[in-house]
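Peer 1: just need the structure, nothing else, for what follows:
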Amino acid sequence: MENVVLIVHLILALSLIGVVLLQRSEGGGLGMGGGGGGVVSGRSAATALGKVTWILAIAFICTSIALTIIAAEQSAGASVVDRITDAPAPAAPALPDLGDALLPPTGGDATPLVPQAD
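Peer 2: Modelled structure (predicted):
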């Protein structure tokens with residue numbers, strides 16, 4: 001069920017993006033420019049794309065709420081804090097045995113970087 005709602009949600013999102021991009025820009029941002037929809041009212045007549053945008057937006061919000069409800073039902077009784085406290089403490093990683101790796105490669109007269117235990 002969740003996968004079906006998620007697929008419908010994604011299709012609605014892509015459709016909503018497409019419909020919004022198809023609409024004519026009216027420059028309504030910050031009250032600048034815009035189409036002359038009427039002398040008295042600043043609102044233009046609703047177009048078919050405007051109505052489709054509203055329908056897709058409402059359907060998108062409904063699928064968002066449905067996905068939230070589904071996710072809440074699946075995680076009922078589970079808490080992130082419970083997962084943290086139930087997890088065992090990680091063991092300290094063992095240090096690798098470097099052996100003679102800290103000795104100079106030439107050997108001979110050079111003094112070692114780390115004193116050797118005899």
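Peer 1: low-confidence stretches in this protein?
Peer 2: Residue ranges of the chain with pLDDT under 70: 27-45, 78-80, 82-83, 85-89, 97-118.
Peer 1: pull the longest helix from it.
Peer 2: Counting by DSSP state H, the longest helix found in the chain is helix 48-74.
Peer 1: what's that helix packed up against?
Peer 2: helix 2-22 (3 or more CB pairs under 8 Å, 6 or more residues apart in numbering; DSSP states H and E). (Glycine included, C-beta is placed from N, CA and C.)
Peer 1: and the angle for the helix it packs on with helix 48-74?
Peer 2: Interaxial angle, helix 2-22 versus helix 48-74 (axes from the mean of the first three to the mean of the last three CA atoms, to 10 degrees): 150 degrees.
Peer 1: so for helix 2-22, what gets flagged as buried?
Peer 2: Using 16 or more other CB atoms under 10 Å as the test for burial, helix 2-22 gives 5, 8, 9, 12, 15, 16, 19.
Peer 1: residues in contact with stretch 15-23?
Peer 2: 47, 49, 50, 52, 53, 56, 57, 60 (CB atoms under 8 Å, 6 or more residues apart in numbering).
Peer 1: next, the first one: phi, psi?
Peer 2: Dihedral angles phi and psi of residue 47 (degrees, to the nearest 10) take the values phi -90, psi 170.
Peer 1: so how far is residue 64 from it?
Peer 2: To residue 64, residue 47 is 25 Å away according to CB to CB, to the nearest Å.
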